[in-house]
Structure formats: C-alpha cells, structure tokens
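Novice: Next come a sequence and a model predicted from it.
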Amino acid sequence: MTAGSIVLWEALGTAVLILLGVGVVANVVLRPTLGTGGGWLMITFGWGFAVFAGASIAEPSGAHLNPAVTIGLAVAGATPWSMVPFYLIGQFVGAFVGACVGWLAYKANFDKNVEEDPEGNRGTRGIFCTGPVVARSGWNVITEIVATFVLVFWILSNPAAQAPDGAGVPQFGNGALGYAAVAFVVIGIGCSLGGPTGYAINPARDLAPRAAYALLPIRGKGSAEWGYSWVPVVGPIIGAVLAGLLSLGVS
C-alpha cells in the first residue's frame, strides 16, 4: 500500500471514530439532547461502536486509527517503521476533522446549552478530550500505560482470521470476530480502567480533538487544559512499546 493510501484510509477511519466518540459524549453531556444524562455506560458503548465503525472503514490500511497501535505493531515487527509517519499523519488529521464535524452536528445544542446556563459550556472540554478525576500526573500516566497495554497486547495476540489451506474445520479464534472483537475490548477497558482518566488509550484521539476544542468558536467554553495534554500521549505510547516488546519476547 502506498503512503498516500495509508494517510487517506487512516484519516477517514479515525475521523469517523472521533465523530461518533465526540458525538456520544456530547449526547450525554449537553442539555438538551435526547441522550442527556445517559451515563458512563452509554459513553463506553458508544466509543466501542465508534471503534468498530472507524476500523471497518479503514480496513484497507490495516485500521490502526491510533498512534499507540501503530507504534506497538512497529515495535513487534508487524508494521514497517518507514510507514509509521504516514499512519500518524492520517490519524491526527482524521481525529481533528472528526472532532470538528462532531461539533457541527451538535452546534445548536452547544448554543442552547450556554443560553440556558451561561456557565454551561465551561465543562464541555470533556466532550473532545480526556481529563483525570484525581489529578496526579504520575498515576494518571500509569493508568494510561496499563489501559493501552491491554489494548495493544490484545491486538498483537489476536491476529486477523485467515482461512487455512486444505481441508478441515477452520480454527479462527477471536480473530473471527474481526473489528467487533476490538470494540468489545475497548468497551471492557472503558468500563474497567476508564474511571481514573477517561481512557484516552490513543494519542490522536486526545491531542487532535483537544486542539479542535481550543480553536473552535464554542461560546463560553473553558480551558483546553494543555498542562495535562502530555499524559494521554506519553502514557499510551509507553504502554504500546511495552506491549510490542512483550509480544516479541513471547513469540
């Protein structure tokens, strides 16, 4: 696959991932929407289905959608390092675009939110990016390392299903579930490990929408909290490298 094709498919898939992810959080957080107050489970399931949709679209490029996944695969020898920059470009561009389109979809609700409460949009940063419940940078990084390690090591341990040559009953394992299996893992991570930091587990998913939030003309919005922005970048990368190294060691 050419570098341009990688950028295109990763951008398209990541844009849909972030569009649906931003969308489900906006649906729960903004007032009024039909999903107002839907809660954490609605958010985790929404993000899981967003992964499924985005990965299905980006199948031609391998559907990484996540710099941590790309780096973990490269460390494990499954993706050429020469292609890594092109994956990352597509992912960050797609994430920014997806966040902006998500805002457009809910523009009227953002406006109504601040009309009903002048301070209503000050807490809308969480629609676009993550933040800790308890701000302890070191421990927040560890949470992101652990959560991302689970995701990337699962991916490395469960390659895509391929039909075997010859007769017999195919043994596909978890790979037979395709991208739905990854979605289930993301839902599990969100339910089990998402509480402390909001489970970024994806540098592009956090950094690019954070930039979009800072730039978009959202009335009455709060700070983008750039002081925290390194945590959901560094933590996932470390977790991905550790997963890649372990995969190499046990293979």
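Specialist: Sure, I can see it.

Novice: so where's the protein shaky on pLDDT?
Specialist: Applying pLDDT under 70 to the chain flags the ranges 160-176.

Novice: 90 instead, please
Specialist: 1, 31-32, 113-123, 158-178, 249-251 (pLDDT under 90).

Novice: Quick one: the helices in this structure, in order.
Specialist: Taking DSSP state H, the helices of the chain run over residues 3-29, 40-57, 67-75, 84-105, 107-116, 125-128, 137-157, 179-193, 203-215, 231-250.

Novice: quick one, the last one and helix 137-157 angle?
Specialist: Using axes from the mean of the first three to the mean of the last three C-alpha atoms, to 10 degrees, the interaxial angle of helix 231-250 with respect to helix 137-157 works out to 40 degrees.

Novice: what about Phe96, how many residues close to it?
Specialist: With neighbours defined by other C-beta atoms under 10 Å, the count for Phe96 comes to 22. All C-beta spots, glycine's among them, are computed from the backbone N, C-alpha and C.

Novice: that older thread, for the helices of the chain, give me TSV that also has distance to Ala224.
Specialist: What follows is those, written out as TSV (distance: least, C-beta to C-beta, whole Å):
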stretch	distance to Ala224
helix 3-29	14
helix 40-57	20
helix 67-75	19
helix 84-105	12
helix 107-116	15
helix 125-128	6
helix 137-157	17
helix 179-193	22
helix 203-215	4
helix 231-250	13
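
Novice: which residue packs closest to Ile142, ignoring adjacent ones?
Specialist: Closest residue in space to Ile142, ignoring its immediate chain neighbours: Gly235 at 7.4 Å, by C-beta to C-beta, 6 or more residues apart in numbering.

Novice: nope, Thr79 is what I was after
Specialist: Spatially, and ignoring its direct neighbours in sequence, Thr79 is nearest to Leu73 (4.0 Å; C-beta to C-beta, 6+ apart).

Novice: give the contact list for that neighbour.
Specialist: Counting by C-beta atoms under 8 Å, 6 or more residues apart in numbering, Leu73 makes contact with His64, Thr79, Ile155, Leu156, Gly244.

Novice: need the contact list for the second one.
Specialist: So that's Thr79. With contact taken as C-beta under 8 Å, 6+ apart, Thr79 is in contact with Gly62, His64, Thr70, Leu73, Tyr87.

Novice: Surely the residue nearest to Ile142 and Gly138 touch.
Specialist: No. Taking contacts as C-beta atoms under 8 Å, Gly235 lies outside contact range of Gly138: 10.2 Å.

Novice: sorry, back to before: what's the neighbour count on the residue nearest to Ile142?
Specialist: Residues near Gly235, counting by other C-beta under 10 Å: 27.

Novice: cool, and the one 4 residues further on?
Specialist: Burial measure for Gly239: 27 neighbouring residues, criterion other C-beta under 10 Å.

Novice: Quick check: the gap between it and Thr148.
Specialist: Distance of Gly239 to Thr148, computed by C-beta to C-beta, to the nearest Å: 3 Å.

Novice: overlap in contacts of those two?
Specialist: Here Gly239 and Thr148 share the contacting residues Ala68, Ile201, scored by C-beta under 8 Å, 6+ apart.

Novice: Tell me which residues touch the closest residue to Leu30 other than its chain neighbours, please.
Specialist: Among residues not flanking Leu30 along the chain, Asn109 sits closest, at 4.5 Å (C-beta to C-beta, 6+ apart). Counting by C-beta under 8 Å, 6+ apart, Asn109 touches Ala26, Leu30, Pro32, Thr33.
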